[in-house]
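Chemist: A structural model of the following input is requested.
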Amino acid sequence: MTDTPPDRLSTNHRSPFFQQELLERGIGIRFKDGVRHDVEEYCISEGWIRVALGKKVDRNGNPLTLKLSGPVEAWFERPAASDADEG
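Modeler: Numbering: from 1, shown residues only. Now for the predicted structure:
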């Protein structure tokens, strides 16, 4: 695994951008010079994040989200398992 997070990642398991093994490492997100912990999905190249809109849900029980635009930075909070075994 690389130390660079993917360009786009989602926490929704129905999304084509969902990757469980990467989410287990923990993803840190900096959006507009502030660290966010409530990000549902992000895209670095397009410059946006999706955050939950409080506790509101749609008719299927999925959280309602807002798409916010701005500069996005992402990093892994923990090293990959193979990196930890080597050190």
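
Chemist: just the helices in the chain please.
Modeler: 20-25, 81-86 (DSSP state H).

Chemist: what's the least confident stretch among these?
Modeler: Of all these, mean pLDDT reaches its minimum on helix 81-86 (a mean of 61).

Chemist: partners of residue 36 in the sheet?
Modeler: residue 29 (DSSP bridges).

Chemist: so what touches the longest strand along the chain?
Modeler: Ranked by residue count, the top strand of the chain under DSSP state E comes out as strand 48-57. The set of residues external to strand 48-57 that reach it, using Cβ atoms under 8 Å, 6 or more residues apart in numbering, is 29, 31, 36, 38-43, 63-70, 72. C-betas here are computed from N, CA, C, even on glycine.

Chemist: how much space separates residue 5 from residue 23?
Modeler: Per Cβ to Cβ, to the nearest Å, residue 5 is found 10 Å from residue 23.
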